[in-house]
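Engineer: no FASTA, just this:
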DNA sequence: TCAATTATGAAATAAAATTTCATTTTTCCT
DNA sequence: AGGAAAAATGAAATTTTATTTCATAATTGA
């Protein structure tokens, strides 16, 4: 658990003087890990025992122990940050930036996800008579990938990246069917309509989208995938990758729910590909 | 820089007693961060000043500073590791594991990539008369995504996830054409053949695959994307995500090479979608 | 308003780390 | 091999840092 977040959370349970300490720490945590208790006390205009009490209130053994926690929080607090690609970056630079931004987005996406909703979504998927994945543009790829995965599970699954097919399919859906609608923006009119049509026809609609979007409002279960897109390049990047990771999560949840016998079956599916491949040397 | 690695590296520049300290630390770093200098000295059967000298030799200000570094290394030494999903994991657990494994794979993939080869690939792509993306199974999605991106650049681009179409397209290729062949295993026979056919017909073949595979041998430029796949679940997961990140890198390299005027054009492409979306409130 | 509770800091104490310096060990030259 | 020089080491002293104690101040609640 990140101690900086903890400080923020407990800010209002702290006393006046302790809050001063908290503010100094939050404003410049990296300075604090190199300060003595005396230096920090002075900085916050309070006494040393107050700093000590502050540390204990955060469930640390004392000031040195607190600094240890702080150092750890700083180390893994922002391992990857969203860095924008610059006009003059060379290949090395933009490659690193893109990979790091992608990792930062995955980190963010994971935080925005609610495990209990994932659990419900998996519930619904395992019980579905038929599963449909709908997406357009970059999200079409995610739908395509989902089909590829769920197909292996030997359940009826379709994917459409065509507005008309999606509409027709939505209208034909019924109780027991699950429709997964994927859209980063959650604002694509035709997809929102499809979600609403499917819902009217008693299908369970799972939305993979950003929190609080028009699409989210139409869904039975919303799996929020919040990422920061680098809009400078006018292309969807991180969003679809975070969505794919979520598809992996759903597929994994599905296989776990189905038990070990089911997984043996997956192995058979995979093994069936062997003859199409060149042997591995060792 | 990870201090544990540093200790390992400098092990032979240390004196006998200092090495004892190093060994105690390496054998149980997490204990050490909660030990006083006296406790550590006793543990290693040496004196306190020796511990202090040891710390300084590692370019830290002293023992407390050393502990801070150690704490940080423990926190981000293995920020994301490939953790396998377990039978009894709950939703929270398997979600975290999958996201973290994905991030670990991206980290690994970035390391396996060679920036100069990316640069050459971008060169070739910007000069291409026609670009084709080929993949099968999970890699088909990557090819699909690549088409979606490069299509925006207003260059002739196709994608095929059908063996026959791929073969026909490869046979029809000529000098100036670029064929991008995507396969994680690099062992899918029909794809290796397609690569070789395209090459025979003077197309430039870019391979997105693992290092040292049959496919890699057939390519003009090999972009190595090495990841660890969790084979327990018999589904491609990390590999396709790392490949997609590479597609982002190539697309970004392409837009940078084309200059700022070109990027204005991308904005227009994106803006053309606006009318199909619900307005954002603020 | 005033007793009770809680918060705070000065000073004392305790703990931990560092420095100094004498002793031991190792190195390297003849 | 022998011995001076250099390097390594630890005991003790010192310094720095953190914690505790306790008296005082501020706040709360009847």
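Structural biologist: Great, that's in hand. Note that the structure is a prediction, hence the values are computed from the model and not measured. Numbering: from 1, shown residues only, chains lettered A, B, ... in the order given.

Engineer: doesn't residue A:127 make contact with residue A:258?
Structural biologist: No: the pair residue A:258 / residue A:127 is not scored as a contact, 11.2 Å apart, by Cβ atoms under 8 Å. (Each C-beta comes from the backbone N, C-alpha and C, glycine too.)

Engineer: the nearest residue to residue A:62 once chain neighbours are set aside: which element?
Structural biologist: Leaving aside its sequence neighbours, residue A:62 sits nearest to residue A:55 (Cβ to Cβ, 6 or more residues apart in numbering or on different chains; 5.7 Å). Residue A:55 belongs to helix A:48-57 when assigned by DSSP states H and E.

Engineer: mind listing what's buried along the helix or strand that comes right after that helix?
Structural biologist: Scanning forward in sequence from helix A:48-57 by DSSP H and E, the next helix or strand is helix A:63-77. Of the residues in helix A:63-77, A:63-76 count as buried by neighbour count, 16 or more other Cβ atoms under 10 Å in any protein chain shown.

Engineer: and what of stretch A:189-197?
Structural biologist: A:190, A:191, A:192, A:193, A:194, A:195, A:196, A:197.

Engineer: and the residue of the stretch 101-250 of chain A found nearest DNA strand D, how many neighbours?
Structural biologist: Residue nearest to DNA strand D within the stretch 101-250 of chain A: residue A:107 (31.3 Å; Cβ to the nearest atom of the strand). Residue A:107 has 21 neighbouring residues, counting by other Cβ atoms under 10 Å in any protein chain shown.

Engineer: does the host helix or strand of it reach chain B?
Structural biologist: Element membership for residue A:107, per DSSP H and E: helix A:91-112. Yes: Helix A:91-112 reaches chain B (Cβ under 8 Å from any Cβ of the partner chain) through A:91-92, A:94-96, A:98-99, A:102-103, A:106-107, A:109-110.

Engineer: one more: stretch A:214-221?
Structural biologist: Yes: applying Cβ under 8 Å from any Cβ, one finds stretch A:214-221 touching chain B at residue A:214.

Engineer: mind listing residues that contact that stretch?
Structural biologist: Contact partners of stretch A:214-221, identified using Cβ atoms under 8 Å, 6 or more residues apart in numbering or on different chains, comprise A:117, A:120-121, A:124, A:181, A:183, A:186-188, A:191-192, A:195-196, A:199, A:204-207, A:209-210, A:222, A:224, B:278.

Engineer: kindly report the residues of the stretch 151-282 of chain A close to chain B.
Structural biologist: So the stretch 151-282 of chain A meets chain B at A:152, A:185, A:187-190, A:192, A:214, A:233-235, A:237, A:240-241, A:244-245, A:248-249, A:251-253, A:255-256, A:260, A:263, A:266-267, A:269-270, A:273, A:276-280 (Cβ under 8 Å from any Cβ).

Engineer: among the residues you listed, which ones are buried?
Structural biologist: Buried members of these, scored by 16+ other Cβ under 10 Å, are A:152, A:185, A:187-188, A:190, A:192, A:214, A:233-235, A:237, A:240-241, A:244-245, A:248-249, A:251-253, A:255-256, A:266, A:277.

Engineer: count of neighbours near residue A:138?
Structural biologist: A count of neighbours around residue A:138, defined by other Cβ under 10 Å, yields 22.

Engineer: give the closest residue to it in space, chain neighbours not counted.
Structural biologist: Counting by Cβ to Cβ, 6+ apart, residue A:138 lies nearest to residue A:236, which is 3.8 Å off, once chain neighbours are set aside.

Engineer: that's a strand at that neighbour, yeah?
Structural biologist: No: read with DSSP: H, G, I helix; E, B strand; the rest coil, residue A:236 is coil and lies in no strand.

Engineer: interface residues of the stretch 101-250 of chain A facing DNA strand D?
Structural biologist: With Cβ under 7 Å from any atom of the strand as the criterion, the stretch 101-250 of chain A does not meet DNA strand D at any residue.

Engineer: what parts of the stretch 101-250 of chain A come near DNA strand C?
Structural biologist: Taking Cβ under 7 Å from any atom of the strand as the criterion, DNA strand C has no neighbours within the stretch 101-250 of chain A.

Engineer: flag the shaky bits of the stretch 101-250 of chain A, pLDDT-wise.
Structural biologist: Within the stretch 101-250 of chain A, the segments meeting pLDDT under 70 span A:230-234.

Engineer: please enumerate the helices of it.
Structural biologist: All helices of the stretch 101-250 of chain A, identified by DSSP state H, counting those that start in this stretch, fall at A:115-126, A:138-151, A:163-171, A:189-200, A:214-218, A:238-258.

Engineer: which of these sits closest to residue A:30?
Structural biologist: With respect to residue A:30, and counting by Cβ to Cβ, the nearest of these is helix A:238-258 at 26.8 Å.

Engineer: closest residue of chain A to DNA strand D?
Structural biologist: Of all residues in chain A, the one sitting closest to DNA strand D is residue A:62 (1.9 Å; Cβ to the nearest atom of the strand).

Engineer: next one: stretch A:215-228 to chain centre, how far?
Structural biologist: Relative to the mean C-alpha coordinate of its chain, stretch A:215-228 is positioned 11 Å out (Cα atoms, centre = their mean, to the nearest Å).

Engineer: start and end of it, how far apart?
Structural biologist: Terminal residues of stretch A:215-228 are spaced 18 Å apart (Cα to Cα, to the nearest Å).

Engineer: show me which residues of that stretch are buried.
Structural biologist: For stretch A:215-228, a neighbour-count test (16+ other Cβ under 10 Å) marks A:215, A:216, A:218, A:219, A:220, A:221, A:222, A:223, A:224, A:225, A:226, A:227 as buried.

Engineer: widest-spaced pair of those residues?
Structural biologist: Using Cβ to Cβ, the two most remote members of the buried residues of stretch A:215-228 are A:220 and A:227, lying 22.9 Å apart.

Engineer: how about the residue nearest to residue A:138, what does it touch?
Structural biologist: Contact analysis of residue A:236 by Cβ under 8 Å, 6+ apart lists A:137, A:138, A:139, A:184, A:229.

Engineer: what's the nearest residue to the residue of chain A most remote from its centre if we skip its chain neighbours?
Structural biologist: Distance to the chain centre peaks in chain A at residue A:47, reaching 42.4 Å (criterion: Cα atoms, centre = their mean). Distance criterion Cβ to Cβ, 6+ apart; nearest residue to residue A:47, sequence neighbours excluded, is residue A:41 at 5.8 Å.
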